[in-house]
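K.L.:
Mind folding the following:
(chains A and B)
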2 protein chains.
Amino acid sequence: MRVGIIGGTGPQGRGLALRFAGAGHSVLIGSRDPAQAIQSAATLAGGFPELTPPEGGSNDDVANRSDVVVIAVPWAAHEEMVRTLAPYLRGKVVVDCVNPLAFDARGPRPILLVEGSAAAQAQALLPDSRVVAAFHHLAAGMLLAGLTPLEHEDILLAGNEAAAKETVQELCQAITGHRGIDAGSLHNAGPLEAMTSVLLAVNKTYRVKSGIQLTGMPAR
Amino acid sequence: MRVGIIGGTGPQGRGLALRFAGAGHSVLIGSRDPAQAIQSAATLAGGFPELTPPEGGSNDDVANRSDVVVIAVPWAAHEEMVRTLAPYLRGKVVVDCVNPLAFDARGPRPILLVEGSAAAQAQALLPDSRVVAAFHHLAAGMLLAGLTPLEHEDILLAGNEAAAKETVQELCQAITGHRGIDAGSLHNAGPLEAMTSVLLAVNKTYRVKSGIQLTGMPAR
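P.N.:
The predicted model follows:
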């Protein structure tokens, strides 16, 4: 699969790029600044010589050339970025892993959106794309630590179209070594995004890099 | 601890009552209909003769007599019940495990609240109580299955006061055999409540009774 990562030079984006490239996917790292994307791709390739080296490019170029497009920009840039890229995303699976969070003296908290979630906002802006919410709960530090599968983590995903979710469930193998878990319709993207606030609070209190595993599931 | 369960005759309430009584707490089951509460308490005591038998009573009576009060009513009854019980809850730890959810053709979805969560709504109505959100993700069927600790489950809890959270973290031992996890301020109650929608969707799709475990935590 040709996987493009918009905002791919941030820690989350680089972590996903590493894992997808490690699993043999063709990976394109996008940035507002193509030079920075090319630099990020080269750094990843240098650190892991066994990879098919990722390519770098502008966000537009990466969105245009990819089969599956992962949106990994900061929340503040989400709406504008999705609007800008809309022409390149028609007919494609768009994976939204953006977490709308705010921080105050009490710690992190989810931002309440009229649309219910960043992913639902993206779907509303991209009526001809198939948006799947996924990859919210993976600590960037864990993704970037190497290529050993994060077997204890579950990737939960939400979306309105079964085939698009299938594609992303398969893609999860690159990260955890097992398929992602179908967590229902895009109505459930909100809880997935907001749970990141819980994980960040736990990380701070317990000085850990926490993730989620569902209990009671069939053997993975 | 004397633990009262408001709406204690529902599956979730009975399940919590069983587990708390099994751990040696003094448990009071409340209902709008005291006769039904007494019946529920007797049925639990009959099924598990080793328990200190729970008592049944009206919700008012139970709220009045308990040290820790668990609100386990359906979402539709939440606001009115909290208002009604407010005089009995002053100075107490109030544990809110209500999930504001709706269901449509696409499955379950969280209801968006201006307050951010049922627990925050309760805290706004109970300025003299210390509200902690907890016990959202435990399947009633698992709670009611017996007294074996649900060791693989984590109980995540959110609240604004450390001492109140401590009390509830201890109470979690009765269910999982280990302390609950501090998931931050009451701002994070929303994600905990909403995640129940994710678990219900997973349960339906995979025909399981799913729960949550955090990965990356110190040994429990």
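
K.L.:
Do you have the strands of chain A handy? List them.
P.N.:
Ranges of strands in chain A, per DSSP state E, are A:2-6, A:26-31, A:55-58, A:68-71, A:93-96, A:101-104, A:107-110, A:130-133, A:156-159, A:181-182, A:211-215.

K.L.:
how about the ones you listed, which one is nearest chain B?
P.N.:
strand A:107-110 (3.4 Å; CB to the nearest CB). The way it works is simple: take the backbone N, C-alpha and C, and place the C-beta from them, glycine included.

K.L.:
can that closest one be found next to chain B?
P.N.:
Yes: legend: contact between strand A:107-110 and chain B by CB under 8 Å from any CB of the partner chain is shown at A:107-110.

K.L.:
export the strands of chain A to a markdown table and tack on mean neighbour count and distance to B:G216?
P.N.:
A markdown table is the format used below for the strands of chain A (neighbours: other CB atoms under 10 Å in any protein chain shown; distance: least, CB to CB, whole Å):
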| stretch | mean neighbour count | distance to B:G216 |
| --- | --- | --- |
| strand A:2-6 | 28 | 24 |
| strand A:26-31 | 28 | 25 |
| strand A:55-58 | 22 | 30 |
| strand A:68-71 | 27 | 23 |
| strand A:93-96 | 29 | 23 |
| strand A:101-104 | 12 | 19 |
| strand A:107-110 | 22 | 17 |
| strand A:130-133 | 29 | 22 |
| strand A:156-159 | 29 | 16 |
| strand A:181-182 | 24 | 18 |
| strand A:211-215 | 22 | 6 |
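
K.L.:
Tabulate the ones you listed in JSON lines, adding columns for mean pLDDT and distance to B:R90.
P.N.:
As requested, the strands of chain A are exported to JSON lines (pLDDT from 0 to 100; distance: least, CB to CB, whole Å):
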{"stretch": "strand A:2-6", "mean pLDDT": "98", "distance to B:R90": "52"}
{"stretch": "strand A:26-31", "mean pLDDT": "98", "distance to B:R90": "55"}
{"stretch": "strand A:55-58", "mean pLDDT": "98", "distance to B:R90": "60"}
{"stretch": "strand A:68-71", "mean pLDDT": "98", "distance to B:R90": "48"}
{"stretch": "strand A:93-96", "mean pLDDT": "98", "distance to B:R90": "44"}
{"stretch": "strand A:101-104", "mean pLDDT": "93", "distance to B:R90": "28"}
{"stretch": "strand A:107-110", "mean pLDDT": "91", "distance to B:R90": "27"}
{"stretch": "strand A:130-133", "mean pLDDT": "98", "distance to B:R90": "41"}
{"stretch": "strand A:156-159", "mean pLDDT": "98", "distance to B:R90": "39"}
{"stretch": "strand A:181-182", "mean pLDDT": "98", "distance to B:R90": "43"}
{"stretch": "strand A:211-215", "mean pLDDT": "97", "distance to B:R90": "36"}
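
K.L.:
okay, those strands in JSON lines with distance to B:E161 next?
P.N.:
Formatted as JSON lines, the strands of chain A follow (distance: least, CB to CB, whole Å):
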{"stretch": "strand A:2-6", "distance to B:E161": "41"}
{"stretch": "strand A:26-31", "distance to B:E161": "44"}
{"stretch": "strand A:55-58", "distance to B:E161": "48"}
{"stretch": "strand A:68-71", "distance to B:E161": "37"}
{"stretch": "strand A:93-96", "distance to B:E161": "35"}
{"stretch": "strand A:101-104", "distance to B:E161": "17"}
{"stretch": "strand A:107-110", "distance to B:E161": "14"}
{"stretch": "strand A:130-133", "distance to B:E161": "33"}
{"stretch": "strand A:156-159", "distance to B:E161": "30"}
{"stretch": "strand A:181-182", "distance to B:E161": "34"}
{"stretch": "strand A:211-215", "distance to B:E161": "26"}
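
K.L.:
which one of those lies closest to B:T9?
P.N.:
strand A:211-215 (26.5 Å; CB to CB).

K.L.:
which strands and helices sit next to the closest one?
P.N.:
helix A:189-206, strand B:211-215 (3 or more CB pairs under 8 Å, 6 or more residues apart in numbering or on different chains; DSSP states H and E).

K.L.:
hey, which of the ones you listed is tucked in deepest?
P.N.:
Greatest average neighbour count among these goes to helix A:189-206 (a mean of 25), per mean count of other CB atoms under 10 Å in any protein chain shown.

K.L.:
ok and that helix relative to strand A:211-215, angle-wise?
P.N.:
With axes from the mean of the first three to the mean of the last three CA atoms, to 10 degrees defining the directions, helix A:189-206 sits at 120 degrees from strand A:211-215.

K.L.:
Only C-alpha atoms, please: export helix A:189-206 in CSV.
P.N.:
Provided in CSV are the C-alpha atoms of helix A:189-206 (Å, rounded to 0.1, in the frame of the first residue of the first chain):
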residue,chain,number,x,y,z
ALA,A,189,-14.5,8.6,16.9
GLY,A,190,-15.1,11.2,19.6
PRO,A,191,-14.5,8.8,22.5
LEU,A,192,-11.4,7.4,20.8
GLU,A,193,-10.0,10.9,20.4
ALA,A,194,-11.0,12.0,23.9
MET,A,195,-9.5,9.0,25.5
THR,A,196,-6.1,10.3,24.5
SER,A,197,-6.7,13.0,27.2
VAL,A,198,-7.0,10.1,29.8
LEU,A,199,-3.8,8.5,28.6
LEU,A,200,-1.9,11.7,28.8
ALA,A,201,-3.1,12.3,32.3
VAL,A,202,-2.2,8.8,33.3
ASN,A,203,1.3,9.2,31.7
LYS,A,204,1.9,12.3,33.7
THR,A,205,0.7,10.9,37.0
TYR,A,206,2.4,7.5,36.7
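
K.L.:
Just the mean pLDDT for it, thanks.
P.N.:
The average pLDDT for helix A:189-206 rounds to 97.

K.L.:
so who does the most centrally placed residue in chain A touch?
P.N.:
Centroid-nearest residue in chain A, with CA atoms, centre = their mean: A:C97, separated by 3.8 Å. Applying CB atoms under 8 Å, 6 or more residues apart in numbering or on different chains, we find A:C97 in contact with A:12, A:16, A:70-72, A:133-136.

K.L.:
ok so, going back, tabulate the helices and strands packed on strand A:211-215 (a markdown table), appending distance to A:G46.
P.N.:
Shown next, in a markdown table, are these (distance: least, CB to CB, whole Å):
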| stretch | distance to A:G46 |
| --- | --- |
| helix A:189-206 | 29 |
| strand B:211-215 | 29 |
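
K.L.:
What does the pLDDT read for the residue lying farthest from the centre of chain A?
P.N.:
Most distant from the centre of chain A: A:A105, at 27.4 Å, with distances by CA atoms, centre = their mean. pLDDT, A:A105: 87.
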